[in-house]
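Engineer: just need the structure, nothing else, for what follows:
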Amino acid sequence: MCVGRKVVGENKIHTGDKWIEEFACINIFEEIFNDFGIHVLSDYNTATAEYNFILLFEKEEENAVCMEKALQACSKIQVEVERYLKAHMNFGLSDVEVDEYQANAQYRKAQTACRQCVYLGTNIILRYEDLQYKKQTDFVITSGEKTHFMMTLFQDSFEKAEDELHQIFRNAPEDVSPVKFAAMDLLLPDITHTSCSFANKIFSNYILLSDK
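Structural biologist: Numbering: from 1, shown residues only. Here you go, the predicted model:
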């Protein structure tokens, strides 16, 4: 994942963007990523004034190669933005990840890195792994994960549902408090659609972690 923010001068967010400019920027940025062999899904968040990119690489490419391509592409974008828009771009890059279930967590990493750039100057590309701290206590189950899990339950596929639970919670943080809230959020709708025994199983496995 990659998150970018356009800035003008030092620590000043570029506020003169119009929707047509952002549309043009997205197309130019995608073309630059493509020039480096990166497929990309793009979005501009008007609320945060951030560009969001899901960078997709060939399966056989090594993680180090993927990261290097991303760094080169971001650097090229910075050059073009400075040349034609008289602005600067800061970028935050997440870790390289092959598990689609981790897309939300990787987005938060890229966003965190991008927002730290303001303290370092302009035209900064910061990898999350380069941050001096790596504190991520939030644990969020995405709406897509919830929907897919519920669909599995509706089909009475309890074994498959349990497998999905392991996928959802396998990278949960050591701090069990946010995990317990996320599990409760997932559990409550299940009670009305599934047997109490299965709901109790979810509760026992994923909510009472702190008792172990």
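Engineer: which element is the residue nearest in space to the middle of the chain on?
Structural biologist: With distances taken as Cα atoms, centre = their mean, Tyr107 lies nearest the centre of the chain, 1.5 Å away. Element membership for Tyr107, per DSSP states H and E: helix 103-116.
Engineer: show me what that helix is packed against.
Structural biologist: strand 2-7, strand 50-56, strand 88-93, strand 125-127 (3 or more Cβ pairs under 8 Å, 6 or more residues apart in numbering; DSSP states H and E). For glycine as for every other residue, the C-beta is placed from the backbone atoms N, C-alpha and C.
Engineer: C-alpha coordinates for that helix, CSV please?
Structural biologist: What follows is helix 103-116, C-alpha atoms only, in CSV (Å, rounded to 0.1, in the frame of the first residue of the first chain):
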residue,chain,number,x,y,z
ALA,A,103,-4.9,-4.9,3.2
ASN,A,104,-6.6,-2.8,5.8
ALA,A,105,-3.7,-3.1,8.2
GLN,A,106,-1.2,-2.3,5.5
TYR,A,107,-3.2,0.8,4.5
ARG,A,108,-3.0,2.1,8.1
LYS,A,109,0.8,1.5,8.0
ALA,A,110,1.2,3.5,4.8
GLN,A,111,-1.0,6.3,6.1
THR,A,112,0.9,6.4,9.4
ALA,A,113,4.2,6.7,7.5
CYS,A,114,2.8,9.4,5.1
ARG,A,115,1.6,11.5,8.0
GLN,A,116,5.0,11.3,9.7
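Engineer: quick one: contacts of it?
Structural biologist: 1-5, 50, 52, 54, 90-95, 97, 126-128, 130-131, 136, 138, 140, 142, 171 (Cβ atoms under 8 Å, 6 or more residues apart in numbering).
Engineer: mind listing what the nearest residue to Asn45 once chain neighbours are set aside touches?
Structural biologist: Nearest non-adjacent residue to Asn45, counting by Cβ to Cβ, 6 or more residues apart in numbering: Asn52, 6.2 Å away. For Asn52, the contacting residues are Met1, Cys2, Val3, Ser42, Asp43, Tyr44, Asn45, Tyr107, by Cβ under 8 Å, 6+ apart.
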